[in-house]
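Asker: Need the 3D shape of this:
(2 chains)
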Protein chains: 2
Amino acid sequence: MEFRIEEGIEVLVSTPAVLGALLRGRSAGWLKARKTAEAFSAMDVLGHLIHAELTDWMPRVRMILEHGDARAFEPFDRFGFRESIESKSAEELLDLFARLRGESLRALGERGVREADLALKGRHPELGPVTLGNLLATWVVHDLGHIAQIAKTMAGEYREAVGPWRVYTTILE
Amino acid sequence: MEFRIEEGIEVLVSTPAVLGALLRGRSAGWLKARKTAEAFSAMDVLGHLIHAELTDWMPRVRMILEHGDARAFEPFDRFGFRESIESKSAEELLDLFARLRGESLRALGERGVREADLALKGRHPELGPVTLGNLLATWVVHDLGHIAQIAKTMAGEYREAVGPWRVYTTILE
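Answerer: Take a look at the predicted model:
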């Protein structure tokens, strides 16, 4: 699919509800599971998404709209969330993410971005020239990637429990 | 994690809401996207999950509780859903899946399955000896695997649209 603003926003709007359905009321075992010592748990993903909402997506949209490619984006710290999740419950993180995502999408709407603006140019500190369309498509892909990551991480917890079905459950590989 | 009935049911209960949040009201482009000509679209996944609800999970639980490993399960047809989804909308499939999942979990509850029953033996037509615990864990993993599959398939639609970010969006590989 080509990136179209309305279709991309369909996904961005729905992500808080997807994560809420996956994670609200889940036992600690599900929330804290991680594939390896360095991999993200579901709690880490929530912290990471909150951090991206605050420091990545809309700040970069604004940078493109206001400065084009004259200024590079601030680098994004994938692990910048560590402190902020420490004393929080999954429910608190889900509520915060839902509020921030709502604010981001309202702000995007207020900017009146249209299909013709998707070719506007920005500058990534490492990747170099990008467009507003690239940025918005990446926002969508980033959400979907982390939804898939949480589902895979949870599934991985039953790697042994499935017994002989392991050969059919390709998600565990 | 070891398989525990309550933790497994947490996931099984939530799957209709996760799929609803991901797919309700989505444009046709998202619903019909598939990675390859043979791969499942989101609509196919819904049909497949409905078919599994009708012919796989609870029928196999009942087989174990009533016949142990004396009788093999009926083979499950992964593609047995094709006809049943043809004229249906995503919303109709989501509603049907939610209703069937509710009925499955009510039936499981009525059987009063406990942790001690997880070692009960059954017989898979191809895999051979399995336990009730293996079957229930596989049900959970199967749900999560298909959630991840839908998210990855949707993300894949923006493979080109992300432009230079392709190198960071590992979900697209």
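Asker: Tell me how many other residues crowd the nearest residue to A:V167 once chain neighbours are set aside.
Answerer: Across the structure, with Cβ to Cβ, 6 or more residues apart in numbering or on different chains as the measure, the residue nearest A:V167 apart from its sequence neighbours is B:L127 (7.2 Å). Placement of C-beta: from N, CA and C, glycine included. By other Cβ atoms under 10 Å in any protein chain shown, the residues close to B:L127 number 16.
Asker: where's B:L127 relative to B:F81, distance?
Answerer: 22 Å (Cβ to Cβ, to the nearest Å).
Asker: What of A:H124?
Answerer: 43 Å.
Asker: what do you get for A:P59?
Answerer: 44 Å.
Asker: And the two? Which one has more around it.
Answerer: Residue environment comparison for A:P59 versus B:F81 gives the larger neighbour count to B:F81, 23 against 15, counting by other Cβ under 10 Å.
Asker: Can you give the contact residues for the worst-scoring helix or strand of chain A on mean pLDDT?
Answerer: Among the helices and strands of chain A, helix A:82-85 carries the lowest confidence by mean pLDDT, DSSP states H and E, at a mean of 81. Outside helix A:82-85, the residues within contact range by Cβ atoms under 8 Å, 6 or more residues apart in numbering or on different chains are A:43-44, A:46-47, A:50-51, A:93.
Asker: And the furthest pair within those residues?
Answerer: A:M43 and A:H51 (12.8 Å; Cβ to Cβ).
Asker: Enumerate every residue touching A:S104.
Answerer: Counted by Cβ under 8 Å, 6+ apart, A:S104 has contacts A:12, A:53, A:57-58.
Asker: Let me know the closest of the contacts of helix A:82-85 to A:L100.
Answerer: For the contacts of helix A:82-85, the minimum distance to A:L100 (Cβ to Cβ) is 6.2 Å, reached by A:I50.
Asker: Pretty sure the closest one sits against A:R99.
Answerer: No. With contact taken as Cβ atoms under 8 Å, A:I50 and A:R99 are classed as non-touching, separated by 9.7 Å.
Asker: isn't the residue nearest to A:V167 right next to A:W165, touching?
Answerer: Yes. Contact status for B:L127 versus A:W165: in contact at 6.7 Å, counting by Cβ under 8 Å.
Asker: which residues touch the residue nearest to the spatial centre of chain A?
Answerer: Central residue check for chain A by Cα atoms, centre = their mean: the C-alpha nearest the mean position is that of A:D143, 3.6 Å away. With contacts taken as Cβ under 8 Å, 6+ apart, A:D143 has the following neighbours: A:11-12, A:15, A:49.
Asker: got the residue ranges for the helices in chain A?
Answerer: If DSSP state H is used as the criterion, the helices of chain A fall at A:5-23, A:28-32, A:42-55, A:57-67, A:82-85, A:90-111, A:132-156.
Asker: Flag whichever of those has the least confidence on average.
Answerer: Ranked by mean pLDDT, those end with helix A:82-85 in last place, scoring a mean of 81.
Asker: Put the alpha carbons of it into CSV.
Answerer: Listed next in CSV are the C-alpha coordinates belonging to helix A:82-85 (Å, rounded to 0.1, in the frame of the first residue of the first chain):
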residue,chain,number,x,y,z
ARG,A,82,13.8,3.1,32.0
GLU,A,83,13.4,5.5,34.9
SER,A,84,9.9,6.5,34.0
ILE,A,85,8.3,3.1,34.2
